[in-house]
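Participant: got a structure for you, letters missing:
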């Protein structure tokens, strides 16, 4: 992946989490590869809220992630992986004559990137249990940068070892426009 430009790096580094405890900085996973995988057992920078014990989470807490730029190679790789090769995503000439006037990212690719931007601590967050009520509001185009703004809307214990954390996510582009909104439910270790 290409190095983000200086303004993108600055925007990603400036993201913070806000909670009743205060504002918490959320670091990008990597300066050079925002979506890069983290080695098993390696410390996850910027886990903040997502690394806290279940009992310390509160309804209403807000957070914001680092950003990720959407590249054409991401779209083409997703099309190859999923088999969704609709020309709106994969054919620049066809897409130029479409409603959007250019190629756009698959909505589910953007949603997947959003989940990947959440700095989930594997010692706390066991699984993504549900994604619901996703509404795709704006197309995400090649070169757009997206980040997630979220809020905890519900917590409840499931058993002695696990709780559920429901969060409302807003996936926002670099122009401040809402691209996708959705709810997710995470299984959290107590």
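Facilitator: Yep, it's here. Every value quoted in this text rests on a predicted model; they were computed, and no experiment measured them.
Participant: can we go C-alpha only for contacts and neighbour counts from here?
Facilitator: Will do.
Participant: wait, isn't residue 87 in contact with residue 96?
Facilitator: No. Residue 87 is not in contact with residue 96 according to CA atoms under 8 Å; the separation is 10.0 Å.
Participant: now the strands for the protein?
Facilitator: 16-19, 22-25, 62-69, 125-136, 145-157, 162-173, 178-189 (DSSP state E).
Participant: deepest of those strands, which one?
Facilitator: The highest average neighbour count among the strands of the chain, using mean count of other CA atoms under 10 Å, belongs to strand 62-69 at a mean of 26.
Participant: Point me to the residue sitting closest to the centre of this structure.
Facilitator: residue 114 (1.8 Å; CA atoms, centre = their mean).
Participant: overlap in contacts of residue 87 and residue 96?
Facilitator: residue 103 (CA atoms under 8 Å, 6 or more residues apart in numbering).
Participant: which residue packs closest to residue 152, ignoring adjacent ones?
Facilitator: residue 167 (4.3 Å; CA to CA, 6 or more residues apart in numbering).
Participant: List the contacts of the one you found.
Facilitator: Contacts of residue 167 (CA under 8 Å, 6+ apart): 150, 151, 152, 153, 154, 183, 184, 185.
Participant: That one pairs with what?
Facilitator: Per DSSP bridges, the residues bridged to residue 167 are residue 152, residue 184.
Participant: and stretch 93-109, which residues are buried?
Facilitator: 95, 102, 103, 104, 105, 106, 107, 109 (16 or more other CA atoms under 10 Å).
Participant: How much space separates residue 150 from residue 140?
Facilitator: 19 Å (CA to CA, to the nearest Å).
Participant: if you look at the buried residues of stretch 93-109, which of them are in helices?
Facilitator: 95, 107, 109 (DSSP state H).
Participant: For the closest residue to residue 145 other than its chain neighbours, which residues are in contact?
Facilitator: Nearest-residue entry for residue 145: residue 69, 4.0 Å, with adjacent residues in sequence omitted and distances by CA to CA, 6+ apart. Counting by CA under 8 Å, 6+ apart, residue 69 touches 4, 143, 144, 145, 146.
Participant: Please apply the same query to residue 133.
Facilitator: 181, 182, 183.
Participant: Name the member of those residues with the shortest distance to residue 48.
Facilitator: Checking the contacts of residue 133 against residue 48 with CA to CA, the nearest one is residue 183 at 19.9 Å.
Participant: Pull the number of nearby residues for the closest residue to residue 55 other than its chain neighbours.
Facilitator: Using CA to CA, 6+ apart and skipping the chain neighbours, the partner closest in space to residue 55 is residue 190 (7.0 Å). Using other CA atoms under 10 Å, residue 190 is surrounded by 18 other residues.
Participant: Check residue 83 too.
Facilitator: 9.
Participant: What distance do you get for it to residue 154?
Facilitator: In terms of CA to CA, residue 83 sits 35 Å off from residue 154.
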